[in-house]
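**Q** Here is a sequence with its predicted model. Questions after.
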Amino acid sequence: MKKSFNEIIKPVLVLVCICLVVTALLAYINSVTSPIIAKAEQEKTEQAMSEVLAEADGFNPLEIENLPERVTEVYSAKNGSGYVFMLTTKGYGGDMKLICGMKSDGTIEQCKTLSHSETSGLGSKTAEDPYRNQYCGKSDDTLSEVDAITGATISSTAYKNAIEDAFKAYDMVKEAGK
């Protein structure tokens, strides 16, 4: 039995045309919204940087080679008040993105969780003030005083390991004289 053009070819052509139109619309919408999304993310990052290093009057990115594995970016304050470290570590539920502000004397001013996928009520406590405020004023020598969260040791250990890497990066920055 022979199928006609209207039964086989025409429906395929219609579906292909619909797919092309939808793809073109999605590409256009992406081209319009991606700069807006990128700008919003940049503003969010700059706000977080100002929160963790309040005395800074702006930030310059630093190019440091062979950073510790959890340190993704390093910024120095324009006025020399300290450094900001962007950190990514693997917690119990997935990646945790952190930001750590360190004064020029090597003590932590503030840490903040930018994003995480930790278990609600347990690992997510690493993003809350009682836990993260333990890091304020700590130096590399006093970091051992930070207590883990009961029931969320994987998450809190991952957080602490990321901060340890921030101290290693701080030492690298100071050695480089930046």
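**A** On my side now, so go ahead. Numbers count the residues shown, from 1 in each chain.
**Q** Looking at the residue nearest to residue 117 when sequence neighbours are not counted now. What's its pLDDT?
**A** Excluding the flanking residues, the one nearest residue 117 by Cβ to Cβ, 6 or more residues apart in numbering is residue 94, at 3.9 Å. From N, CA and C alone the C-beta is placed, and that goes for glycine too. Per-residue pLDDT puts residue 94 at 89.
**Q** got it, and the one 5 residues further on?
**A** Looking at residue 99, its pLDDT is 95.
**Q** who's in contact with the worst-scoring helix or strand of the chain on mean pLDDT?
**A** Least confident helix or strand of the chain, by mean pLDDT, DSSP states H and E, is helix 129-132 with a mean of 87. Applying Cβ atoms under 8 Å, 6 or more residues apart in numbering, the contact partners of helix 129-132 are 110-113, 125-126, 149, 156, 159.
**Q** mind listing which of those residues are in helices?
**A** Secondary structure assignment by DSSP state H places 156, 159 of those in helices.
**Q** Quick check: the farthest pair among the contacts of helix 129-132?
**A** 110 and 149 (18.5 Å; Cβ to Cβ).
**Q** what's the burial count for residue 106?
**A** Neighbours of residue 106 under the rule other Cβ atoms under 10 Å: 16.
**Q** Then the one 4 residues further on?
**A** The local packing of residue 110 (other Cβ under 10 Å) involves 20 other residues.
**Q** next one: residue 85
**A** 30.
**Q** Return the backbone torsion pair for the residue lying closest to it once chain neighbours are set aside.
**A** Excluding its sequence neighbours, the residue lying closest to residue 85 (Cβ to Cβ, 6+ apart) is residue 166, at 4.2 Å. Here is the backbone geometry of residue 166 (degrees, to the nearest 10): phi -60, psi -40.
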